[in-house]
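Undergrad: Sequence and predicted structure, then a few things I'm wondering about:
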Amino acid sequence: MAAVHVKGVSYTNYAADPKKMVDASSWHGRVRAVYDSYTLSSAELEAGSTLKMGRIPTTARFIGGYLSTTVTWGSTATLKVEIGSTEVRAAATLTAVNEPKWFGKADGTEFTTESDVTLTTAAASSPASVVVLRCVVFYLVD
């Protein structure tokens, strides 16, 4: 079978004659980040509680993020991450201390409005000790 040479969507537009405009968040976009942290006191968050941890701008293209914590959340307390109404991390535990838990949605979601980054607790409540929770979300813009 012979080798096949193909081009991605943005590259096809770039290489066209005449050239077609390539969306800046897809080609030569700037990576930006939203970073926030929250210090929880003893078992402060019950299941269903939310934390607003930042906002991404209109036309931002989400590329990934991570959560980290200073204390394990155990095997039952979980967190999910949403940007606007789009779930980008399903509810899952945080069992490693100070080790980033990466999350992402590999569909190139571009947000058409400013969108809040929201963490929601599910299952059990947060840990019974003081804990610092950190959230970083990376996105592309013009």
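TA: Nice, thanks for sending it over.

Undergrad: and residue 12, helix, strand or coil?
TA: Three-state call for residue 12 (DSSP: H, G, I helix; E, B strand; the rest coil): helix.

Undergrad: In contact with the closest residue to residue 19 other than its chain neighbours: list those residues for me.
TA: Sequence neighbours aside, residue 13 is the residue nearest to residue 19 in space, at 7.2 Å (criterion: C-beta to C-beta, 6 or more residues apart in numbering). (C-beta placed from N, C-alpha, C; glycine too.) Contacts for residue 13 (C-beta atoms under 8 Å, 6 or more residues apart in numbering) come out as 19-22.

Undergrad: Could you measure from residue 13 over to residue 132?
TA: Residue 13 sits 44 Å away from residue 132, going by C-beta to C-beta, to the nearest Å.

Undergrad: for residue 9, same thing?
TA: Residue 9 is 41 Å from residue 132, by C-beta to C-beta.

Undergrad: and what of residue 117?
TA: Distance, residue 117 to residue 132, using C-beta to C-beta: 17 Å.

Undergrad: same thing with residue 101?
TA: Separation of residue 101 from residue 132 (C-beta to C-beta): 14 Å.

Undergrad: which of these two has more neighbours?
TA: Set residue 101 next to residue 132 and count neighbours by other C-beta atoms under 10 Å: residue 101 wins out with 17 against 13.

Undergrad: Bridged to that one, which residues?
TA: Taking DSSP bridges, one obtains residue 67 as the residues bridged to residue 101.

Undergrad: contacting residues for it?
TA: Applying C-beta under 8 Å, 6+ apart, we find residue 101 in contact with 66-68, 92, 94.

Undergrad: again, only using 10 Å
TA: By C-beta atoms under 10 Å, 6 or more residues apart in numbering, the contact set of residue 101 is 65-69, 79, 81, 89, 92-95.

Undergrad: so residue 44 touches residue 77, yeah?
TA: No. Applying C-beta atoms under 10 Å as the test, residue 44 and residue 77 come out as separate, 11.6 Å apart.
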